[in-house]
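>>> Any chance you could fold what I've pasted below:
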Amino acid sequence: MSKYNLLWEFIQRNGGAQLKLTFDEIHDIAGVEIDHSFLNYKKELTNYGYQVGKISLKEKTVIFKKTD
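Here you go, the predicted structure:
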């Protein structure tokens with residue numbers, strides 16, 4: 001089980017074609033801070049029908065996109 005499983009499940013349940021979450025929202029959902037390891041874990045998201053579209057360090061947001 002990944003430390004981001006709660007986040008992946010949330011995205012699968014609540015995401016449409018695209019979902020934008022702030023780092024704070026991700027922390028609230030997953031219970032962990034988003035950190036550099038997120039880049040390694042993000043590939044797990046494809047098992048839930050989504051992928052990471054864009055990570056903005058300036059805005060502190062992540063855009064998740066539904067895969068085809």
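
>>> who touches the biggest helix by length in the chain?
Looking across the chain with DSSP state H, the single longest helix is helix 5-14. Identification of contacts with helix 5-14 by Cβ atoms under 8 Å, 6 or more residues apart in numbering yields 2, 19, 26, 29-31, 44-45, 47-50, 64. Every residue, glycine included, has its C-beta placed from N, CA and C.

>>> Which neighbouring elements make contact with the lowest-mean-pLDDT helix or strand in the chain?
One helix or strand of the chain scores below all others by mean pLDDT, DSSP states H and E: helix 38-41, with a mean of 93. Helices and strands touching helix 38-41, as assessed by 3 or more Cβ pairs under 8 Å, 6 or more residues apart in numbering; DSSP states H and E, are absent.

>>> buried residues in the longest helix of the chain?
7, 8, 10, 11 (16 or more other Cβ atoms under 10 Å).

>>> can you pull the buried residues of the following helix or strand past that helix?
Sequence-wise, the next helix or strand downstream of helix 5-14 (DSSP states H and E) is strand 18-22. By 16+ other Cβ under 10 Å, the buried positions in strand 18-22 come out as 19, 21.
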